[in-house]
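In: okay, here's the prediction I keep looking at, along with the sequence it came from:
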Amino acid sequence: MTILYEVHNGLYVNLTNKCPCNCTFCLRQEKNSSSLYGDLWLLKEPTVDEIIDEFKKRDLSKYSEIVFCGFGEPTERLYDIFEVCDYLRTVTDLPIRINTNGMADLINNKSTAPDFAGRIDVVSISLNTPNKARFYELTRSKFGPDSFDAMLLFAKSVKPYVKEVVLSTVATTITQEEEAECAKIADDIGVTYRIRPFEDYSEK
């Protein structure tokens, strides 16, 4: 069972298969492939102790960051993540990032932003598109069309509690005009906008 895996200089944490979305473009659609991402499909969710034990086996000085990003949506286990972060803060100063669809508040049925303080440094959120209807069409979120608004509200509300919030889209998947709209959305919220390479599956 793959709990920790390496991408570039980062150490990534895979702790759930669960996700409230069924995105049309997601690698989960090909979970039976022999790729690295197929290997991330968990037969069972690791416990917090099992995750921490895996960290204890690693030389953390080898890495530039720790990233919660696996086959599922990390915030499905947000408070387990926070337990792991509390441990990590006692053994390393590495920055900690979480890659997410931005639906933490919907998943946990509460405002989660204050609990990120002192635990997560960077929150990277998949914006995907500037269009609310298109967002729902792409993500097929179980929370419905208002998931887009909830995602943007989360981005805004978590900003005071972490060092950086990033809204991202994938290069070549939307038009330049749409990218400009996304950049404006990020600017209006006061967060970073990033266009990531199509091949870079290491970030949401």
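Out: Thanks, I have the structure now.
In: where in the protein is the helix or strand with the lowest mean pLDDT?
Out: helix 36-39 (a mean of 58; mean pLDDT, DSSP states H and E).
In: pLDDT (mean, whole number) over the following helix or strand past it?
Out: Next helix or strand after helix 36-39 toward the C-terminus (DSSP states H and E): helix 48-56. The predicted model assigns helix 48-56 a mean pLDDT of 98.
In: buried sites along helix 48-56?
Out: Buried residues in helix 48-56, counting neighbours by 16 or more other CB atoms under 10 Å, are found at 48, 51, 52, 54, 55. To be clear about C-beta, it is placed using only N, CA and C from the backbone, and glycine gets the same treatment.
In: could you do stretch 153-172 as well?
Out: Buried-residue list, stretch 153-172, by 16+ other CB under 10 Å: 153-155, 157-159, 161-162, 165-170.
In: closest to residue 39 among the buried residues of helix 48-56?
Out: Closest approach to residue 39 among those (CB to CB): residue 54, at 15.0 Å.
In: for the closest one, give me its contacts.
Out: Contacts for residue 54 (CB atoms under 8 Å, 6 or more residues apart in numbering) come out as 3, 4, 46.
In: hmm, try it at 6 Å
Out: Counting by CB atoms under 6 Å, 6 or more residues apart in numbering, residue 54 touches 3, 4.
In: quick one: furthest residue from the center of the chain?
Out: Largest separation from the mean C-alpha position in the chain: residue 177, at 25.2 Å (CA atoms, centre = their mean).
In: let me know the helix or strand that the residue sitting nearest the centre point of the chain is in.
Out: Compute the mean C-alpha point of the chain, and by CA atoms, centre = their mean the closest residue is residue 99, 1.7 Å away. Using DSSP H and E, residue 99 maps to strand 96-100.
In: just the CA trace of the helix or strand following that strand, in CSV.
Out: Where DSSP H and E defines the elements, the next helix or strand beyond strand 96-100 is helix 104-108. Extracted in CSV, the C-alpha atoms of helix 104-108 (Å, rounded to 0.1, in the frame of the first residue of the first chain):
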residue,chain,number,x,y,z
ALA,A,104,-13.4,21.1,2.6
ASP,A,105,-16.2,23.0,4.2
LEU,A,106,-18.9,21.1,2.3
ILE,A,107,-17.2,17.8,3.1
ASN,A,108,-16.8,18.5,6.8
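In: which of the residues in helix 104-108 are buried?
Out: Neighbour-count burial for helix 104-108 flags 104, 105, 106, 107 (criterion: 16+ other CB under 10 Å).
In: residue 44: neighbour count?
Out: Neighbour count for residue 44, taken as other CB atoms under 10 Å: 8.
In: SS state for residue 5?
Out: Under DSSP: H, G, I helix; E, B strand; the rest coil, residue 5 falls in the strand class.
In: residues in contact with residue 95?
Out: Contacts for residue 95 were tallied using CB under 6 Å, 6+ apart; they are 65, 121.
In: how close does it sit to residue 195?
Out: Noted for residue 95: a distance of 21 Å to residue 195, by CB to CB, to the nearest Å.
In: also residue 159?
Out: Residue 159 is 20 Å from residue 195, where distance means CB to CB.
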